[in-house]
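Colleague: Provided below are the primary sequence and the corresponding predicted coordinates.
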Amino acid sequence: MDIQDRIIIRGARENNLKDVSLEIPKHQITIFTGVSGSGKSSLVLDTIAAKSRRELNDTFPTFVQQYLPKYGRPHVDAIEGLPIAIVIDQKKPANNSRSTVGTYTDIYALIRLLFSRVGKPFVGYAESFSFNHPEGSCPRCSGLGEIRELDIHKLVDFDKSLNDEDTIHYIAFGKGGWRWIRYAHSGLFDLDKKIRDYSPEELDLFLNSPQIRLKNPPKNWPKTAKYEGLIPRMYRSIINSEEGLLHAAVLNPMLRMGTCPDCGGTRLNARVRSCKIEGKDIAEVCALSITRLNSWIRSLTDPLAVDLKAAIGARLTALEEIGLGYLSLDRAVGSLSGGEAQRCKIAKYINSSLSDVLYILDEPSTGLHDHDIELMKHSVRRLRDHGNTVLLVEHHKEMIRIADYIVDMGPGPGIDGGHIVFQGTYDKLLKSTTSTGEMLGRSGDFKQQPRKAGHSFALQHATLHNLKDVSIDLPMGIFGVIAGVAGSGKSSLMECFRNSYPSPEEIVYISQKNIGVSLRSTPATYMDVAGDIRKIFAKKHKKKETCFAFNGQGACPVCGGKGVIVSEMAFMDNIETTCEACGGLRYSPEALQYTVKGEKLGEGEVELNIAEVMDLSVRLASTFFRDTVIEEKLRPMMNVGLGYLHLNQALSTLSGGELQRLKMASYLGEKGKIFIIDEPTDGLHPKDVHHIVGLFEQMVDEGNTVYVIEHNTDVIKAADYVIELGPGAGEAGGEIIYTGTPKGLTACKKSVTARYL
């Protein structure tokens with residue numbers, strides 16, 4: 001093979017990669033496998049994708065580069081034959097209230113064009129049908145479809161004056177705050193007069209005045225400033241802006257929220273909704289499921305619609321073929337799961353005219369039932385067959401089967417990984433001795449003696465989302481699985497359970513959403529051992545604890561505890577260089593001169609300074625601090641299989657599955673709780689799946705109830721009790737089609753899951 005047929009990587013050392021070199025065939029599907037933390041993402045996303053995107057950005061003028069996304073400089077000697085990379089990851093799009101499936105996939109733009117050409121009566125051009133345009137949006141809700149009306153009595157304490165504390169209950173409106181100043185310094189009000197004693201004219205000026213220029217403002221009033229009443233100001237700068245989303249916890253209790261009565265939640269004004277095609281307005285069309293919409297589009301006979309029918313139909317068909325036919329174009333993007341958003345992206349590229357592109361997919365099987373996996377396999381093959389190279393980071397057994405070539409990373413996680421342990425075809429992998437090869441050839445057995453429930457909770461008449469008046473008895477004290485295709489109503493059923501259960505504090509819901517990660521959040525801070533470690537150093541050397549904190553007195557004086565020096569380069573990328581003073585360790589020379597002695601790490605007893613201790617893996621730290629409170633606090637992380645993480649590793653570098661297991665670690669040892677865990681096997685190697693099933697068994701044995709929303713067949717087989725929803729997704733789902741033992745599921749003819757067990 002010459003360079004036209006392969007991507008050549010030499011000396012990759014990003015994160016835990018151990019000087020990795022390999023060749024990847026082009027125009028084929030290459031799948032990267034290996035246990036969690038083995039280096040798959042470091043190689044594919046942080047090295048190959050980052051290198052391609054940086055080099056592409058470098059082709060633009062430096063002025064343009066400042067507006068492009070920034071990518072880290074990967075630690076690799078060289079990459080040759082690298083195509084332009086498009087990364088299709090599981091990151092959900094920004095939760096923008098104006099973004100829908102239709103706008104996100106660009107199909108809504110074509111539907112708008114269709115109505116401007118074919119709809120009767122003619123009401124305007126394509127932009128007139130946009131709920132994000134003044135000509136199309138509902139004037140009452142500004143195109144949001146819901147109203148958020150301010151309850152002024154929850155915002156303002158009318159029994160207080162502007163000079164009292166906390167008269168206006170929102171950020172910066174307190175006495176002395178920068179928003180308060182606009183009222184106090186206006187000269188319009190007596191600051192010691194209670195709001196309820198204002199005259200009608202004063203109250204109207206305080207609450208409702210539009211923006212006006214003051215005729216004779218006091219000297220401390222800014223020259224260019226305008227005065228604005230409290231209510232219009234709240235709507236303009238807070239309620240209808242991004243700030244409202246950012247401070248929702250403070251703002252929402254002051255608002256009455258609901259569907260906009262003027263547009264009925266359609267977001268569009270009455271004039272736009274008067275334009276119809278075959279009896280349907282644009283809002284009604286976008287409320288159809290994608291499958292039904294595709295049929296409706298095909299049925300149109302107007303000659304003006306011919307070209308648009310083909311363009312819209314191709315995009316809708318791509319979404320159907322990838323298993324998203326149950327969605328509608330008016331569905332808010334923020335309500336999609338990570339897997340649904342990723343499949344929307346894949347469908348977008350399937351019809352692309354581009355060829356010789358490198359598509360990188362990050363665990364596309366996430367959140368998918370085996371039935372949907374078949375559709376995903378078809379879509380990935382289509383990407384390849386258009387003349388593209390496709391790289392997948394993947395664990396799912398069925399997805400791995402479609403590989404033309406496989407790279408297995410390992411042998412272990414974290415510091416034990418970073419090597420290529422196998423390269424070759426699927427058949428050769430099955431014959432190999434790697435963890436992946438062994439697990440692919442093995443299938444879990446049905447549980448022989450499922451637990452019997454002590455009692456049950458009766459959930460009555462659940463109708464959330466697509467649930468069809470579901471009533472069911474949920475057994476307690478068991479390990480249960482909620483199964484069914486994506487979109488069948490699994491999460492909705494568990495949400496109804498959470499909302500109906502009489503003692504909500506007993507229910508622990510563990511989703512895959514971030515656990516409030518920041519650059520300074522680490523396993524040491526999350527498991528609350530950072531302080532204990534600093535105490536040991538402080539006690540031994542008779543110093544204050546802050547002397548051993550890189551956020552405190554122990555920080556390197558040159559980089560301020562960041563470990564890097566950031567040089568701003570105007571239009572170009574900022575340049576990060578390792579701090580020469582501390583060598584990237586973050587600590588001051590004084591902090592680093594003190595050591596503590598710990599248990600043997602390998603050959604003998606060792607003494608380590610604070611930076612060396614914080615760089616230990618959880619497993620090694622447990623050994624070093626044996627028989628201390630630190631070992632006790634770290635034990636749950638060992639139990640959930642996260643012993644390979646370093647104490648100082650930023651939580652922002654962890655996958656969704658790792659964050660979820662970290663959450664689980666903080667709950668181990670609890671008793672009498674009901675755990676609802678959302679797809680815990682996402683991002684897990686089959687070897688790790690068996691480990692986590694053992695963890696669920698332990699939690700139930702300790703006196704808890706565990707319900708897992710899951711597709712993995714090995715997890716389903718290991719359960720005590722299975723509830724399957726379906727039979728389809730969206731409108732075709734929402735019914736209970738099976739309850740009972742996993743083995744009994746195989747005889748259920750309506751079950752979609754049974755054939756994969």
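Modeller: Received the coordinates, thanks. Numbering: from 1, shown residues only.

Colleague: please make it C-alpha for all contacts and neighbour counts, starting now.
Modeller: Fine.

Colleague: so where do the strands sit in the stretch 201-350 of the chain?
Modeller: Taking DSSP state E, counting those that start in this stretch, the strands of the stretch 201-350 of the chain run over residues 255-259, 276-277, 280-281.

Colleague: closest to residue 735 out of those strands?
Modeller: Closest to residue 735 of the strands of the stretch 201-350 of the chain is strand 255-259 (C-alpha to C-alpha; 26.7 Å).

Colleague: which of the residues in the closest one are buried?
Modeller: 255, 259 (16 or more other C-alpha atoms under 10 Å).

Colleague: could you dump the strands of the stretch 201-350 of the chain into CSV and include distance to residue 469?
Modeller: Listed next are the strands of the stretch 201-350 of the chain as CSV, based on distance: least, C-alpha to C-alpha, whole Å:
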stretch, distance to residue 469
strand 255-259, 22
strand 276-277, 33
strand 280-281, 29
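
Colleague: turn those strands into JSON lines, including distance to residue 206 and mean pLDDT.
Modeller: JSON lines is the format used below for the strands of the stretch 201-350 of the chain (distance: least, C-alpha to C-alpha, whole Å; pLDDT from 0 to 100):
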{"stretch": "strand 255-259", "distance to residue 206": "19", "mean pLDDT": "88"}
{"stretch": "strand 276-277", "distance to residue 206": "45", "mean pLDDT": "97"}
{"stretch": "strand 280-281", "distance to residue 206": "42", "mean pLDDT": "97"}
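
Colleague: out of the ones you listed, which is closest to residue 109?
Modeller: Relative to residue 109, the nearest member of the strands of the stretch 201-350 of the chain by C-alpha to C-alpha is strand 280-281, separated by 15.0 Å.

Colleague: neighbouring strands - and their directions - for the closest one?
Modeller: strand 276-277 (antiparallel) (DSSP bridges).

Colleague: what's near enough to touch residue 688?
Modeller: Residues near residue 688 by C-alpha atoms under 8 Å, 6 or more residues apart in numbering: 35, 36, 641.

Colleague: if we go to 10 Å?
Modeller: Contacts of residue 688 were listed using C-alpha atoms under 10 Å, 6 or more residues apart in numbering, and they are 35, 36, 640, 641, 681, 694.

Colleague: that one: which element?
Modeller: helix 686-701 (DSSP states H and E).

Colleague: now residue 596
Modeller: Taking DSSP H and E as the criterion, residue 596 maps to strand 595-598.

Colleague: past that strand, which element shows up next along the chain?
Modeller: strand 606-609.

Colleague: in that next one, what's buried?
Modeller: Applying a neighbour-count criterion of 16+ other C-alpha under 10 Å, one finds 608, 609 buried in strand 606-609.

Colleague: tell me how many other residues surround residue 582.
Modeller: Using other C-alpha atoms under 10 Å, residue 582 has 21 other residues around it.

Colleague: and for residue 430?
Modeller: With other C-alpha under 10 Å as criterion, residue 430 counts 16.

Colleague: before we move on, what about residue 132?
Modeller: Residue 132: 18 surrounding residues under other C-alpha under 10 Å.

Colleague: quick one: low-confidence parts of the protein?
Modeller: 1-2, 92, 94-95, 338, 512-520, 567-576, 600-604, 655-656 (pLDDT under 70).

Colleague: who's sitting farthest from the centroid in it?
Modeller: Here the centre of the chain is the reference, and by C-alpha atoms, centre = their mean the most remote residue is residue 216, at 52.4 Å.

Colleague: need the strands for the stretch 601-750 of the chain, in chain order.
Modeller: 606-609, 674-678, 705-709, 721-726, 735-740.

Colleague: in PyMOL, select just the buried ones from the contacts of residue 688.
Modeller: Applied in PyMOL, the following selects the buried portion of the contacts of residue 688 according to 16+ other C-alpha under 10 Å:
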select buried, resi 35+36+640+641+681
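
Colleague: now, which of the contacts of residue 688 lie within helices?
Modeller: In this view, the contacts of residue 688 that belong to helices under DSSP state H are residue 694.

Colleague: turn the contacts of residue 688 into CSV, columns for distance to residue 432.
Modeller: Output for the contacts of residue 688, formatted as CSV (distance: C-alpha to C-alpha, whole Å):
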residue, distance to residue 432
35, 15
36, 19
640, 27
641, 24
681, 24
694, 26
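
Colleague: wait, which of the contacts of residue 688 is closest to residue 619?
Modeller: residue 641 (9.9 Å).

Colleague: quick one: which of the strands of the stretch 601-750 of the chain is nearest residue 194?
Modeller: Nearest of these (C-alpha to C-alpha): strand 674-678, 49.8 Å.

Colleague: now do the closest one against helix 686-701, angle only.
Modeller: If you take axes from the mean of the first three to the mean of the last three C-alpha atoms, to 10 degrees, strand 674-678 sits at 160 degrees to helix 686-701.

Colleague: so which bits of strand 674-678 are buried?
Modeller: Of the residues in strand 674-678, 674, 675, 676, 677, 678 count as buried by neighbour count, 16+ other C-alpha under 10 Å.

Colleague: OK, contacts around the second one?
Modeller: Residue 675 sits next to 479, 506-510, 664, 667, 696, 699-700, 704-708 when contact means C-alpha under 10 Å, 6+ apart.

Colleague: as a markdown table, the strands of the stretch 601-750 of the chain with distance to residue 398 would be great.
Modeller: Formatted as a markdown table, these follow (distance: least, C-alpha to C-alpha, whole Å):
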| stretch | distance to residue 398 |
| --- | --- |
| strand 606-609 | 46 |
| strand 674-678 | 21 |
| strand 705-709 | 20 |
| strand 721-726 | 21 |
| strand 735-740 | 24 |
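
Colleague: quick one: closest of the ones you listed to residue 358.
Modeller: Nearest to residue 358, of all those, is strand 674-678, at 31.4 Å by C-alpha to C-alpha.

Colleague: next one: the closest one to chain centre, how far?
Modeller: Its chain's C-alpha centre and that of strand 674-678 lie 18 Å apart, by C-alpha atoms, centre = their mean, to the nearest Å.

Colleague: partner strands of that strand, with direction?
Modeller: Strand 674-678 has these strand partners (DSSP bridges): strand 507-510 (parallel), strand 705-709 (parallel).

Colleague: CA atoms only for it, dumped as PDB, please.
Modeller: Extracted in PDB, the C-alpha atoms of strand 674-678 (Å, rounded to 0.1, in the frame of the first residue of the first chain):
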ATOM      1  CA  ILE A 674     -33.900   2.600  45.100                       C
ATOM      2  CA  PHE A 675     -31.200   3.200  42.400                       C
ATOM      3  CA  ILE A 676     -32.300   4.100  38.900                       C
ATOM      4  CA  ILE A 677     -29.300   4.000  36.600                       C
ATOM      5  CA  ASP A 678     -29.400   5.200  33.000                       C
END
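
Colleague: residue 590 touches residue 547, doesn't it?
Modeller: Yes - shown here, residue 590 and residue 547 form a contact pair, counting by C-alpha atoms under 10 Å, at 8.5 Å.

Colleague: who's more crowded, the two?
Modeller: More crowded of residue 590 and residue 547, by other C-alpha under 10 Å: residue 547, with 19 against 13.

Colleague: got a list of what that one touches?
Modeller: Contact analysis of residue 547 by C-alpha under 10 Å, 6+ apart lists 534, 537, 538, 553, 554, 555, 587, 588, 590, 591.

Colleague: how about 7 Å then?
Modeller: 553, 554, 591 (C-alpha atoms under 7 Å, 6 or more residues apart in numbering).

Colleague: just those: which are in strands?
Modeller: Among these, no residue falls in strands (DSSP state E).
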